[in-house]
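1. Quick one, fold the following:
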Amino acid sequence: MTLIKVLKGKIHGATVTDANVEYEGSITLDSVLMEAAGIAGYEAVCVWNMTQGTRLETYAIPGPPGSGTVCLNGAAAIHHRKGDRVIIAAFAYMTPEEHRSLRPTITFVDADNRLVERKA
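-> Modelled structure (predicted):
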């Protein structure tokens, strides 16, 4: 069986609220945004920095709901600064047949990381 890796959900244009190099690793995200984008706790995500052009893969940790938290932790904090804009994307493996009916969930946020639009 052939599986392909496809986008399942993303948070577009979020603003980094903190960068904590002393933390073990990962990205802490407002749990409301995670749910809206279909990102599960501890799921692998890609983080693409729209300000600096860096890209990395880590995992998402649920943060306080409604907080607007987007905090890069551990080594990822070296490449992201408070105020940077990022895209956070999650992927899934599926068959080409499953892919035909896929509608990725794309969420857009404002400067305070509040959900303004959700496309599914």
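2. Now do residue 5 against residue 42, distance only.
-> According to CB to CB, to the nearest Å, residue 5 and residue 42 sit 18 Å apart. The way it works is simple: take the backbone N, C-alpha and C, and place the C-beta from them, glycine included.
3. From the chain's centroid, how far away is the longest strand seen in the chain?
-> Counting by DSSP state E, the longest strand found in the chain is strand 4-15. Average the C-alpha atoms of strand 4-15, do the same for its chain, and the two points are 6 Å apart (CA atoms, centre = their mean, to the nearest Å).
4. Can you give the strand pairings for it, parallel or anti for each?
-> Sheet pairing for strand 4-15, assigned by DSSP bridges, gives strand 85-94 (antiparallel), strand 105-109 (parallel).
5. Which residues does the longest helix seen in the chain contact?
-> Secondary structure assigned by DSSP state H gives helix 31-37 as the longest helix of the chain. For helix 31-37, the external contacting residues (CB atoms under 8 Å, 6 or more residues apart in numbering) are 9-11, 14, 39-41, 60, 62-66, 88, 90, 105-107, 109, 113, 115, 118.
6. now it: mean pLDDT?
-> Averaged over helix 31-37, pLDDT sits at 97.
7. Now the element after it, going C-ward?
-> strand 44-49 (DSSP states H and E).
8. Check which helices and strands that next one sits against.
-> On a contact count with 3 or more CB pairs under 8 Å, 6 or more residues apart in numbering; DSSP states H and E, strand 44-49 meets strand 55-63, strand 85-94.
9. check contacts around the residue nearest to residue 39 when sequence neighbours are not counted.
-> Leaving aside its sequence neighbours, residue 39 sits nearest to residue 90 (CB to CB, 6 or more residues apart in numbering; 4.8 Å). By CB under 8 Å, 6+ apart, the residues touching residue 90 are 7-10, 37-40, 43-46, 60.
10. All good on my end, thank you.
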